[in-house]
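Engineer: just to be clear, the model below is a prediction. Sequence and coordinates:
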Protein chains: 4
Amino acid sequence: MSASPERREELLATAAEVFAAQGYNATTVRKIADAAGMLAGSLYYHFDSKESMLDEILSAFLDELWARYDAVLAAGLGPRETIEALVTESFREIDRHRAAVAIYQKESRHLQTQPRFAHLAGSQQQFEKAWLGTLERGVADQVFRADLDVRLTYRFVRDTVWVAASWYRPGGQHSPEEIARQYLSMVLEGIALRE
Amino acid sequence: MSASPERREELLATAAEVFAAQGYNATTVRKIADAAGMLAGSLYYHFDSKESMLDEILSAFLDELWARYDAVLAAGLGPRETIEALVTESFREIDRHRAAVAIYQKESRHLQTQPRFAHLAGSQQQFEKAWLGTLERGVADQVFRADLDVRLTYRFVRDTVWVAASWYRPGGQHSPEEIARQYLSMVLEGIALRE
Amino acid sequence: MSASPERREELLATAAEVFAAQGYNATTVRKIADAAGMLAGSLYYHFDSKESMLDEILSAFLDELWARYDAVLAAGLGPRETIEALVTESFREIDRHRAAVAIYQKESRHLQTQPRFAHLAGSQQQFEKAWLGTLERGVADQVFRADLDVRLTYRFVRDTVWVAASWYRPGGQHSPEEIARQYLSMVLEGIALRE
Amino acid sequence: MSASPERREELLATAAEVFAAQGYNATTVRKIADAAGMLAGSLYYHFDSKESMLDEILSAFLDELWARYDAVLAAGLGPRETIEALVTESFREIDRHRAAVAIYQKESRHLQTQPRFAHLAGSQQQFEKAWLGTLERGVADQVFRADLDVRLTYRFVRDTVWVAASWYRPGGQHSPEEIARQYLSMVLEGIALRE
DNA sequence: AATGAATGAGGTTTCATTCAT
DNA sequence: AATGAATGAAACCTCATTCAT
């Protein structure tokens, strides 16, 4: 029931791709096994259940994400620089864990209702605290506009970044850093041309 | 297999709520029937299948959306005014068909692989043509910035609007028009304070 | 998920027969369905799970048994008459619920380790209290022999009665009352001929 | 597929404990392996199959039992002394092979339907012949009561002895011989106090 | 002698769907 | 219009067994 970490990692990566492409519920264990070149039952040598695969995929992603976020938040940057760093780290995370991010986007809301995935709600609250807090600090410091509903701004920035997981393909035309740069430019300066 | 249009409408609205809340695949026919106060089998007096419910829900939404979009696009407005009108109509549509929009966001990508829902791909291409075309026209007219990858801009604007369906609740603090106004302000002018 | 009580009763009786004949674990849901003339999946219209069938079978038996036992214990009989009444009611219960009794005998010990069937342990303790208490009262009253280990006596009497479920067939040569009479005669007077 | 006899013996003893505690069907090969401190597949170096472990466990027990029974039956004792000797040997066997006896009690009936375990039926018939014959001889010799259904008496004595395997723990308060003595006293003289 | 990984058959359960009433 | 009962396919999962190492 333990099995070598490398094999697990491989299989989780495979499973994540299929979950992301087809949706968790629409993904049968057999499809994952097919993609891994084995029989459905064989997956159970490595994992307890389909659900535990999902759990591991999401947890690995969130753990890594929070390690990066925590580093950013601990750096003592100003609000604008913090937002820039968070956005950049987010795109890097999408680059590294594209499938996991896509799954998280699609499934997290209704997964939170299940006890096993209740921790997702906690992560989301922390997330809100970090981003919303930074935006509010920015408004107070007169770095960000004060005439906007800050919660609306929060959702705008948050969603705008993460939905990118639905179309992003690693190894594409733009590096994560370049995408982050352009996104930040849009979000901070707007797309309208200024005279 | 006939049944009054009003009852169908009611049942479709119920089904849409459940699909939006739980995901199409995770929604069993029994859950829909429970929410409608009837037994699972009874739904088949009104509808051919679970899939046809989904089809009707999405089609009703898309038909209405395109009626509005077509009116906007036929109005001969400038690029900026066109974008403003499209965004505003989109938020109105989210207000009217929140559940359908949420379903569309979550499921359309992988539904497109099924023949029955191939038309979703067509709709999406039309959508891209309308929005991307307007943005390109705006760049050419020097209304929108030329230093951004216009496809990235397109995705940014598109996602920015539609993900709102995942948190929007009709009857909330802001009217759809107010939300549209603030979103447009963010997208066009940016969230950074200008000196 | 409710369904008519009569149909449930029929199906439970069928399931109990198969459980008793083959053992709970060796009984597949398909075998029960075959015996009931339906498909395996159809059983799930009436019952939540194979385990819940077992639970209902055992609970119905224990509820009825305790109703009878409680009546006996409340009657204020002497120790010998109490034992006689308990033995007689037990054989009547074997007559009425042979399959359930046989299942109980074979499975209860290891079922008790599962939380869902923890109540079986409680029932068993009550059982011991009633029988052992009566035997001890009989020893004190000089109705039963004092030279035997009373716990050994308890197990002897208890097992003596209940194992009968493994060979008893309703409608056989002897009525439950006749079997009870002979068993009591053996237990009380012994099988050796006295001069 | 050879392996030392001692290791086999150890593993069979372990398997017997688990079979007795959980039931044969409910016992997975993995549970046995866990109890033996090895992996499931490793058991197949020592044994052909789970079934063959069961077979060896039961056969070892029955072989030993019959060796003792045959000695008793060949001794030319009277009916009462024969019953006393058989009961005593039975309790000794329970003491030595508790797990095997418990398994036999629980599983033999439905195992007999499988060709591989058909020999169990033969053993049971021999058993019945020995015990029932002795009882009948005792009735004819006016050693045992004639007013009881002798088949009922047979089942009474037989079950009464063997069910003890379900609660007996080696090394407990009473030696097998002491338990046999008290059981015989109960069976032969009854539990009622005589004036 | 044992491990690690896999197989494949079969088990329990779910669920969209059907249909007589 | 709706119910109650059933079907049948397919899903998740278990487990005895095999086999290269």
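Structural biologist: Everything's here; your move.

Engineer: from now on I want contacts and neighbour counts done on CA atoms only, so please keep to that.
Structural biologist: OK.

Engineer: run through the helices of chain A in chain order.
Structural biologist: In chain A, the helices defined using DSSP state H lie at A:5-22, A:29-36, A:43-46, A:50-73, A:79-96, A:98-111, A:119-140, A:150-162, A:176-189.

Engineer: buried set for the last one?
Structural biologist: Neighbour counts using 16 or more other CA atoms under 10 Å in any protein chain shown place A:176-177, A:179-189 of helix A:176-189 among the buried residues.

Engineer: that older thread, would you mind telling me which of the helices of chain A is nearest residue C:27?
Structural biologist: With CA to CA, the closest approach to residue C:27 among the helices of chain A belongs to helix A:43-46: 24.2 Å.

Engineer: who's in contact with residue A:10?
Structural biologist: In this structure, residue A:10 makes contact with no residue, judged by CA atoms under 8 Å, 6 or more residues apart in numbering or on different chains.

Engineer: how near is it to residue A:54?
Structural biologist: Using CA to CA, to the nearest Å, we find residue A:10 at a distance of 14 Å from residue A:54.

Engineer: still on that earlier bit, nearest to residue B:70, out of the helices of chain A?
Structural biologist: Between residue B:70 and these, the shortest separation by CA to CA is 25.9 Å, and it involves helix A:150-162.

Engineer: re the thing from before, just put the helices of chain A in a markdown table and tack on mean pLDDT.
Structural biologist: Conversion of the helices of chain A to a markdown table gives the following (pLDDT from 0 to 100):
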| stretch | mean pLDDT |
| --- | --- |
| helix A:5-22 | 95 |
| helix A:29-36 | 98 |
| helix A:43-46 | 97 |
| helix A:50-73 | 98 |
| helix A:79-96 | 97 |
| helix A:98-111 | 95 |
| helix A:119-140 | 96 |
| helix A:150-162 | 93 |
| helix A:176-189 | 96 |
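
Engineer: out of those, flag the one nearest residue D:84.
Structural biologist: Comparing those against residue D:84 with CA to CA, the closest turns out to be helix A:43-46 (53.8 Å).

Engineer: coming back round to it: export the buried residues of helix A:176-189 to JSON lines and tack on distance to residue B:110?
Structural biologist: Below are the buried residues of helix A:176-189 laid out as JSON lines (distance: CA to CA, whole Å):
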{"residue": "A:176", "distance to residue B:110": "25"}
{"residue": "A:177", "distance to residue B:110": "28"}
{"residue": "A:179", "distance to residue B:110": "25"}
{"residue": "A:180", "distance to residue B:110": "27"}
{"residue": "A:181", "distance to residue B:110": "30"}
{"residue": "A:182", "distance to residue B:110": "28"}
{"residue": "A:183", "distance to residue B:110": "26"}
{"residue": "A:184", "distance to residue B:110": "30"}
{"residue": "A:185", "distance to residue B:110": "31"}
{"residue": "A:186", "distance to residue B:110": "29"}
{"residue": "A:187", "distance to residue B:110": "29"}
{"residue": "A:188", "distance to residue B:110": "33"}
{"residue": "A:189", "distance to residue B:110": "34"}
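
Engineer: farthest pair in these?
Structural biologist: Across the buried residues of helix A:176-189, the longest distance by CA to CA is 19.4 Å; it joins A:176 and A:189.

Engineer: residue numbers of chain A in contact with chain B?
Structural biologist: For chain A, the residues in contact with chain B under the definition CA under 8 Å from any CA of the partner chain are A:21-23, A:25-26, A:106, A:110, A:142-145, A:148-149, A:153, A:156, A:159-160, A:163, A:182-183, A:186-193.

Engineer: make a ChimeraX selection of the buried ones in those.
Structural biologist: Buried residues within the residues of chain A next to chain B, by 16+ other CA under 10 Å, are selected in ChimeraX with:
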select /A:21,22,23,106,143,144,145,153,156,159,160,163,182,183,186,187,188,189,190,191,192,193
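
Engineer: now for the nearest residue to residue A:130 once chain neighbours are set aside, how many residues are close by?
Structural biologist: Beyond its immediate neighbours in the sequence, the residue positioned closest to residue A:130 (CA to CA, 6 or more residues apart in numbering or on different chains) is residue A:73, lying 7.8 Å away. Counted by other CA atoms under 10 Å in any protein chain shown, the residues lying close to residue A:73 total 18.

Engineer: do the same with residue A:98
Structural biologist: Around residue A:98 sit 24 other residues, with neighbours defined as other CA under 10 Å.

Engineer: the nearest residue to it once chain neighbours are set aside and chain C, how far apart?
Structural biologist: Spatially, and ignoring its direct neighbours in sequence, residue A:98 is nearest to residue A:165 (5.9 Å; CA to CA, 6+ apart). Counting by CA to the nearest CA, to the nearest Å, the gap from residue A:165 to chain C is 40 Å.

Engineer: tell me the spacing between residue A:165 and residue A:176.
Structural biologist: Between residue A:165 and residue A:176 the computed distance is 11 Å (CA to CA).

Engineer: isn't residue A:146 right next to residue A:136, touching?
Structural biologist: No. Counting by CA atoms under 8 Å, no contact exists between residue A:146 and residue A:136, whose distance comes to 9.1 Å.

Engineer: neighbour count for these two, which is higher?
Structural biologist: residue A:136 (19 against 15).

Engineer: what sits against that one?
Structural biologist: residue A:150.

Engineer: neighbours of residue A:64, just the number please.
Structural biologist: The number of residues packed around residue A:64, counting by other CA under 10 Å, is 13.

Engineer: how much space separates the residue nearest the centre of chain A from chain C?
Structural biologist: Using CA atoms, centre = their mean, the residue of chain A that lies closest to the mean C-alpha position is residue A:101, 3.8 Å off. Going from residue A:101 to chain C by CA to the nearest CA gives 36 Å.

Engineer: what does residue A:167 give?
Structural biologist: Using CA to the nearest CA, residue A:167 is found at 41 Å from chain C.

Engineer: and that residue, how many residues sit next to it?
Structural biologist: Residue A:167 sits with 10 neighbouring residues when counted by other CA under 10 Å.

Engineer: cool, residue A:172 as well?
Structural biologist: Counted with other CA under 10 Å, the neighbours of residue A:172 add up to 8.

Engineer: pLDDT wise, what is it at?
Structural biologist: Per-residue confidence (pLDDT) for residue A:172: 91.

Engineer: that one and DNA strand F, how far apart?
Structural biologist: 31 Å (CA to the nearest atom of the strand, to the nearest Å).

Engineer: what does residue A:171 give?
Structural biologist: Spatial separation of residue A:171 from DNA strand F under the definition CA to the nearest atom of the strand is 30 Å.
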